[in-house]
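> This is a predicted model, with the sequence first.
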Amino acid sequence: MTTWIDALPTAHTAAAAAAPTANSAALTHGAVAVPLLHLGLLRAEGEDAKTFLHNLLSNDVAKLPADGAQWTSFNTPKGRMLASFLLWPDDTGYSLALAADITPALLEKLQRYILRSKVKLFCRPNAAIASITRCGWRRCGLWSQPDSGCSTVCGA
């Protein structure tokens, strides 16, 4: 099966390149999906995921609404920021979108604090994250497409 990211290079034709007004019309009146390939995705799942993240991150995860998202960070005990990322809940846990190059290092740091918590942390290195915009930047959201290895723990 081909993912939508694989189809992107072939979606641009010479006619589309020769007609920039068609592209600008899509930006102002249509829907545009921009792949955010520089981002990685971590998942936190389990019955203690909310408490686990609330105790480690800079923002109040316990008060995050089910349809909300927040920028938060993971800091050292001295308060020095190690990573900043976007956090949002879903039906099975929480997703963390952060720079792809620090995703494995943050996963390793967070796994040190699991101890007896009932939480599983997963690295989703092949997940496709996109910004989807409609009607000239009035609505914006993040969408992630599951990859084929979503059940494997990163580093296993």
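Cool, got the structure.
> For Asn55, which non-adjacent residue is spatially closest?
Tyr113 (8.0 Å; Cβ to Cβ, 6 or more residues apart in numbering). Placement of C-beta: from N, CA and C, glycine included.
> looking at it, the one you found is touching Thr51, isn't it?
No - with contact taken as Cβ atoms under 8 Å, Tyr113 and Thr51 are classed as non-touching, separated by 11.5 Å.
> So for these two, which sits in the more crowded spot?
Each of Tyr113 and Thr51 had its neighbours counted (other Cβ atoms under 10 Å), and the higher figure belongs to Thr51 (15 against 12).
> thinking again about what came up before, what's the residue nearest to Asn55 in contact with, if anything?
Taking Cβ atoms under 8 Å, 6 or more residues apart in numbering, we find Tyr113 in contact with Phe52, Asn55, Leu56.
> Any figure for the gap between it and Leu87?
As judged by Cβ to Cβ, to the nearest Å, Tyr113 and Leu87 stand 16 Å apart.
> for the protein, where's the lowest mean pLDDT among helices and strands?
Using mean pLDDT, DSSP states H and E, strand 139-145 stands out as the lowest-scoring helix or strand of the chain, at a mean of 45.
> Run through the chain and note the low-pLDDT ranges.
Low-confidence segments of the chain, defined by pLDDT under 70, span residues 1-33, 125-156.
> Where do the helices of it begin and end?
Taking DSSP state H as the test, the helices found in the chain are 4-11, 14-18, 20-29, 49-56, 103-111.
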